[in-house]
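Trainee: could you look at this predicted model? Sequence included:
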2 protein chains.
Amino acid sequence: MLQKVNLADKLAQFQDLWSPKAVGAVNDCHVKLVKLKGEFVWHSHEVEDELFLVLQGTLLMQFREGEVAVEPGEFIIVPRQTEHRPVADDEVHVLLFEPKSATNTGTAGGERTREVEWV
Amino acid sequence: MLQKVNLADKLAQFQDLWSPKAVGAVNDCHVKLVKLKGEFVWHSHEVEDELFLVLQGTLLMQFREGEVAVEPGEFIIVPRQTEHRPVADDEVHVLLFEPKSATNTGTAGGERTREVEWV
């Protein structure tokens, strides 16, 4: 029997920041949950678009030409090859939808790169 | 400048039932919003998985072997080639993620098939 997924239950299963967890797969895409606080690194993705749906808190998505504050019940899609930096003054919970090939730091790589685990 | 999308604002722009509206694209997938009330037709999708994230109300997802009640803050992914029928006793609002090729009635087709418009 197919199982539903409760977002709050999944969010309660991890506390680490900036480390997306997979919670579902739709064809070539993953559904992920991530907790953010502070500033991430500037990066972009070569071939992947990336959707950020905010569940809690205010996500400040910075682009080279400005920034967008994304609130709960709102999403923003960052197109491939678009430099961006997520910033969260207070802890933010986000649902991500993006191709399975996407990594959290994109083409920037570096020490903040994380493997995606399932929760 | 990239724009965010507010789900409540988009949901306020249409009232028709069982007619998914596109609100975003992530690579080969669409993000859609749909309002449901009553019973849909049994159908499946040949090659597309389909995610239903409930925003309001209780979505009863029926399968041939049983049913799952999906509440706000929960999602269910219906794998390709899995017969299913969404049912909503009261009006339900759902966010869908699925490949752009997916149609609402899948391989069943028929009079309840709808073209996807953007809102």
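Mentor: Arrived safely, thanks for sending.

Trainee: wait, what's in contact with the residue nearest the centre of chain A?
Mentor: The centre of chain A sits closest to A:Leu96, judged by Cα atoms, centre = their mean, with a distance of 4.5 Å. With contacts defined as Cβ atoms under 8 Å, 6 or more residues apart in numbering or on different chains, A:Leu96 is in contact with A:20, A:30-34, A:50-53. (C-beta placed from N, C-alpha, C; glycine too.)

Trainee: now, which of those sits nearest chain B?
Mentor: Checking the contacts of A:Leu96 against chain B with Cβ to the nearest Cβ, the nearest one is A:Leu51 at 5.0 Å.

Trainee: tell me which element the closest one is part of?
Mentor: Per DSSP states H and E: A:Leu51 is located in strand A:50-56.

Trainee: how far out from the middle of the chain is that strand?
Mentor: The chain centroid and the centroid of strand A:50-56 are separated by 7 Å under Cα atoms, centre = their mean, to the nearest Å.

Trainee: next one: stretch A:82-90
Mentor: On the basis of Cα atoms, centre = their mean, stretch A:82-90 is displaced by 10 Å from the centre of the chain it belongs to.

Trainee: re earlier: tilt between the strand holding A:Leu51 and strand B:50-56?
Mentor: Interaxial angle, strand A:50-56 versus strand B:50-56 (axes from the mean of the first three to the mean of the last three Cα atoms, to 10 degrees): 30 degrees.

Trainee: state the next helix or strand along the chain beyond strand A:50-56.
Mentor: Following strand A:50-56 toward the C-terminus (DSSP H and E): strand A:59-63.

Trainee: for the strand holding A:Leu51, name the packing helices and strands.
Mentor: strand A:74-78, strand A:84-99, strand B:21-26 (3 or more Cβ pairs under 8 Å, 6 or more residues apart in numbering or on different chains; DSSP states H and E).

Trainee: identify, out of those, the most deeply packed stretch.
Mentor: Most buried of the helices and strands packed on strand A:50-56 by mean neighbour count (mean count of other Cβ atoms under 10 Å in any protein chain shown) is strand A:74-78; its value is a mean of 22.

Trainee: now check that strand, is it near chain B?
Mentor: Yes: counting by Cβ under 8 Å from any Cβ of the partner chain, chain B has neighbours in strand A:74-78: A:74-78.

Trainee: can I get those in CSV with pLDDT and distance to A:Val119?
Mentor: As requested, the residues of strand A:74-78 next to chain B are exported to CSV (pLDDT from 0 to 100; distance: Cβ to Cβ, whole Å):
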residue, pLDDT, distance to A:Val119
A:Glu74, 98, 24
A:Phe75, 98, 21
A:Ile76, 98, 24
A:Ile77, 98, 24
A:Val78, 98, 23
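
Trainee: sorry, back to before: columns neighbour count on top of the contacts of A:Leu96, output as CSV?
Mentor: As requested, those are exported to CSV (neighbours: other Cβ atoms under 10 Å in any protein chain shown):
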residue, neighbour count
A:Pro20, 24
A:His30, 20
A:Val31, 25
A:Lys32, 24
A:Leu33, 21
A:Val34, 22
A:Glu50, 23
A:Leu51, 23
A:Phe52, 24
A:Leu53, 26
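
Trainee: picking that back up, quickly name whichever of the residues of strand A:74-78 next to chain B is closest to B:Val116.
Mentor: A:Ile77 (16.7 Å; Cβ to Cβ).

Trainee: which residues touch that closest one?
Mentor: For A:Ile77, the contact set (Cβ under 8 Å, 6+ apart) comprises A:49-52, B:2, B:5, B:24-26, B:31.

Trainee: tell me the one among those nearest to B:Thr82.
Mentor: B:Val31 (21.0 Å).

Trainee: the closest one falls within a strand, correct?
Mentor: Yes: assessed with DSSP: H, G, I helix; E, B strand; the rest coil, B:Val31 lies in a strand.
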